[in-house]
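# show me how the following folds:
(chains A and B)
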Amino acid sequence: MWGIGSDDDHDTLVAFRDQMGLTFPVLYDADGAVHAAYQQQAAFDNTVYPQDWIVGTDGRVAFVASEYLPDDLRAVIDAELAGD
Amino acid sequence: MGTEGLDLRCGRRRLACPTPRIPAAVAPAALALVALLAACRGGGTDGGGDSGGEGADSGADSGADSGADSGDSGSIVGACEAPSSLPADPLTVVGASDPREDPQGGRRTHLIDVERRDGRVYGSGTGGLFLFDETDAGPDLVGAWSDGGELAEVEPLGGDLVLATNRDHGFFLLDTSTPTAVEVLARVQLPDVAGGAAVGDRLYLLTHTGALYTIDLADPASPRLLASRDDLGNPWDLVIAGDVAYVADNTLGVVVLDLSDPDAPAVAAVIPAVGPVQNLAVGDGLLAAAVGAAGVELFDLADPLAPATLGATSLGGSVVDVSLDGDRLWTADLDGVRALDVSDPAAPVALAFEPTEQWAMEVVAAGSRAWVAAWGELVELDLAATLAPQADPGRSALYVDGAGTYTLPITNRGGADLHLTGVDLPDARFTVAVDRVTVPPGESATVTLVYAPDGAPVTTALCLASDDPSAPVQEIPVATGSAGTESIAVGEVAVDFTLDDLEGQPHRLSDQLGHPVLLVYFASW
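Numbers count the residues shown, from 1 in each chain, chains lettered A, B, ... in the order given. Below you'll find the model as predicted:
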């Protein structure tokens, strides 16, 4: 699991990560290239953040959501791990 | 994933922020953490421009054309130079202390609370408790205590006795008479502790689950529980005036407690506010509530047990703390600190604003001075009796999602006329116009952008120059936004990328082939 931030500068991401105690890698998309590549901002009307994207075991996008849907996230990840 | 004791606070004082505790057994709890936190409103760090030097040798006129208003608006487009001379900034930094740099308080800290009593300033945060003496050059760090973990609230109770709270573990009563050797008098374990305040020998302590404890402090080494009640909502803190306490309750509003029997506080009134109450300040016959994006709501205390609303004032930002001293009302709104004149509390007048480099979390004021817990540092400000303009673009970014016209209001939140001296967007697909160059206090100019897309993404910025002395040049990012352009759909190949994490280690998506990867796009605000 990776977090990707491109709307904050590096120091802000570090402070946020430390304050919130995040333990997974937080990746710094400095020039917004990855955001642009995924057209991340275009994926949902008026919802830039947060977005959850699941890339499946085959390298294809398996799931995208702009709300927090923990059950759906778990279901998709379980399915991917089970090799569906 | 190891997530024991993970506490899902959305930082401090976030608007309408859920504060559930997710048990460590729920997996993957780390996903919940990021998604919930990212869904909360928070503060950005881009409040105001940070370069005043560009305009030093500009030929652009400053206030000389204040008589001819819209007629000159075309002449400022295409350049972004601050005027060669700026009005004096009424709100200036006297000094700042970064507790990290001191050998005693050597751990990195994020300050989230500040209080002041008897010539000493107290800051608390992730590094613990920090004690500062007031000097002419600003706050001077004289001691620290870090054995209590992260301290959310600090409350000096008089005579060097200090209350400090740790949300997970409870509260501490500390003797700070020797700042270099803070002594723990008592430590009480309680979950979800929020703020508290004391009067006489009685401490009134709140928890985020809605409890109020009445505690006897006659012997601070042995606090005794006298009473408890469990019917509040999500209280953050309380302030006491005489024998009345006012509770800042995120869900209920202002809860008024009658303390005429100090051992048995009674709820006298519950007053809904225009927004979730983050914090309160009480002055002479006046109660001020920090209500987030709704700004500040003021209440008349002619009847102390029945606060009557005088209305709310929104000045941009998300107000998370307030301080009252005489006719001065101060706010901390994550972006910075503002001073207002409330001699007529039904019509507050903005005096000055100073952006802080990092989030302005709490403010405490006395006379012309204010002390701010500004995340990485404790800052002391001084308010001069002059007035200056403040240019507020009202947003930290502008997203364009197709051909058309976009408008951005520039509001003057200061006390003197604002003069715009430059507006520029260096991208040929945009034409820029502004409708006026002189903006009286409280009014707005409108920047109009007409966008003609060519299919390529937009990543540029609108530059705004003015005689706002605290932010003479500001940049507002402009980028392609949601809707209207295609994104990668489910089923398509995810674009490969390599990004460094915050420690500089590269992570490549294609290295993960064969494993599912969850990418969470988030921002700290």
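# wait, isn't residue B:450 in contact with residue B:405?
Yes. Taking contacts as C-beta atoms under 8 Å, residue B:450 lies within contact range of residue B:405: 5.3 Å. For the C-beta atoms, the positions are set from N, CA and C on the backbone; glycine is no exception.
# of those two, which one has the most company?
The residue with more neighbours, out of residue B:450 and residue B:405, is residue B:450; 13 against 10, by other C-beta atoms under 10 Å in any protein chain shown.
# and the more buried one, bridged to which residues?
Under DSSP bridges, the beta-bridge partners of residue B:450 are residue B:405, residue B:431.
# same deal with residue B:282?
In beta-bridge terms (that is, DSSP bridges), residue B:282 pairs with residue B:287.
# report the contact partners of it.
B:239, B:240, B:241, B:246, B:288, B:301, B:324 (C-beta atoms under 8 Å, 6 or more residues apart in numbering or on different chains).
# just the buried residues from those residues, in ChimeraX please.
Here is the ChimeraX selection string for the buried members of the contacts of residue B:282, based on 16 or more other C-beta atoms under 10 Å in any protein chain shown:
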select /B:239,240,241,246,288,301,324
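# ok, so of the contacts of residue B:282, who is nearest chain A?
Among the contacts of residue B:282, residue B:239 lies closest to chain A (C-beta to the nearest C-beta), at 26.0 Å.
# right, and the closest one touches residue B:277 too?
No. Assessed by C-beta under 8 Å, residue B:239 is found out of contact with residue B:277, at 11.5 Å.
# what is in contact with those two at once?
Residues touching both residue B:239 and residue B:277 by C-beta under 8 Å, 6+ apart: residue B:248.
# longest helix of chain A?
Ranked by residue count, the top helix of chain A under DSSP state H comes out as helix A:70-82.
# buried sites along that one?
Neighbour counts using 16+ other C-beta under 10 Å place A:70, A:73, A:76, A:77, A:79, A:80 of helix A:70-82 among the buried residues.
# confidence score at the first one?
At residue A:70, the pLDDT value in this model is 71.
# okay, it and residue A:2: tell me how far apart.
17 Å (C-beta to C-beta, to the nearest Å).
# what is the nearest of the contacts of residue B:282 to residue B:383?
Relative to residue B:383, the closest of those is residue B:324; by C-beta to C-beta it sits at 13.9 Å.
# quick one: that closest one is in a helix?
No. Counting by DSSP: H, G, I helix; E, B strand; the rest coil, residue B:324 is located in no helix; its state is strand.
# in contact with it, which residues?
Neighbours of residue B:324 in contact, by C-beta under 8 Å, 6+ apart: B:281, B:282, B:283, B:286, B:288, B:330, B:342, B:365.
# ok, the fifth one - contacts?
Yep, that's residue B:288 we're talking about. By C-beta under 8 Å, 6+ apart, residue B:288 lies in contact with B:280, B:281, B:282, B:296, B:297, B:298, B:299, B:322, B:324, B:329, B:342.
# can you rerun that using 6 Å?
Residues near residue B:288 by C-beta atoms under 6 Å, 6 or more residues apart in numbering or on different chains: B:281, B:296, B:298, B:322, B:324, B:329.
# now swap in the last one and tell me
With contacts defined as C-beta under 6 Å, 6+ apart, the neighbours of residue B:365 are B:323, B:325, B:330.
# report the beta-bridge partners for the last one.
This means residue B:330. Beta-bridge partners for residue B:330, by DSSP bridges, are residue B:323, residue B:339.
# neighbours of it, how many?
By other C-beta under 10 Å, 26 other residues sit near residue B:330.
# now it: how far from chain A?
According to C-beta to the nearest C-beta, to the nearest Å, residue B:330 stands 24 Å off from chain A.
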